[in-house]
Every structure is written in C-alpha cells, then in structure tokens.
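1. missing the sequence, but the structure's below:
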C-alpha cells in the first residue's frame, strides 16, 4: 500500500472509532458509565468532563452512582445531567447522585435500533466520501503522469478493498449494537 493510501485508511479508521464512541453513549437498558462521557460540569468556571470531577460506578444492573470529589459539585453535576440528552432524572441524597435506568419498552428499543442504523449509515457515507477523495487523488496523479494507468487501476482496486473492509466492519457494529439493544 502506498503512503498516500495509508492516510485514507487512517481516515476510514477514524470514522469507525467515531461510530464506536457514539455507540457507547447509546443506552441499552443497562447502566453504562460511558453514557456520561459527553457531559461536562462547570468546575471553577471551566467546563470539565464529569469523569474528572467525580467517581462513577455501577451499583446495580440499572443504577449508576456518581460520587463527586467535592460535595459542592453535586448541584452542578445534577444540573449538567438534567440539561443533557440522556433522559434520566438524577436522584441526589446530598453525598452521591444516583441515576436509575428504566427498563426500555419495545417501542423505545426499536427507536434506538433505528438510531443505531442511522448512525451506521452516516459512518458508511463518511467512508464512501473518503474513497471518493482517494480515487480523485489517484486520477489527478495519473493525469499528471505521476503514475501509470496500471498503477491507477491497482490503487483504485486497493481503495475499493479498503472501503469494502470498513463497510463490513460498520455492518457488524450495527448488527452487534442492535442485538444488544433488542436483548431484554
């Protein structure tokens, strides 16, 4: 694989990583600390990740416990969770915050699966756009006589193989996450 194609393979890999991180924030009826990854708290005037200011643990299958390092942060953390899009109301006992995840209804599970598939399609579009960019680069090189027609054809075949490989990974990720969500 030429040096130029490695760059495109890395970009495709980043699309997969991005999808994986989006999938960790989709809750599947079980308590998962990663659902809080995108939540930031105002910590002395600085937006700070929740993990940096509190201990987050799973106490039961569907309960997360957030224990702030400083008791004064309880209100800030509670406020940050309320304005986030996780859809869970925090319970505060003065020392810790508990998040109880309700059992997902069949309808909600189906909505989440649709969302998973939509995010998967978005990742596939990103992969295809990277393929197009790579093919355009190869065609420009061929027009500028930097590479031969045979090299162009080989490079385009290599790009297509990479694309197929990453699309297959996305399909597997979508299928796995959908199964996880639909499992009661």
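-> Sure, I can see it. Not measured: the values here are computed from a predicted model.

2. look up the closest residue to the residue nearest to the spatial centre of the chain, ignoring the ones flanking it.
-> Taking CA atoms, centre = their mean, the centroid of the chain lies closest to residue 22, which sits 1.9 Å from it. Of all residues not flanking residue 22 in the chain, residue 119 sits nearest, at 5.3 Å (CB to CB, 6 or more residues apart in numbering). (Each C-beta comes from the backbone N, C-alpha and C, glycine too.)

3. the one you found: which element?
-> Secondary structure from DSSP states H and E places residue 119 in helix 106-143.

4. pLDDT score assigned to the residue nearest to the centre of the chain?
-> The confidence metric pLDDT takes the value 84 at residue 22.

5. what distance do you get for it to residue 4?
-> 28 Å (CB to CB, to the nearest Å).

6. tell me where the protein has helices.
-> For the chain, the helices defined by DSSP state H cover 3-24, 50-53, 74-83, 106-143, 149-182.

7. for the first one, name the packing helices and strands.
-> Spelled out, it's helix 3-24. Judged by 3 or more CB pairs under 8 Å, 6 or more residues apart in numbering; DSSP states H and E, helix 3-24 is in contact with helix 106-143, helix 149-182.
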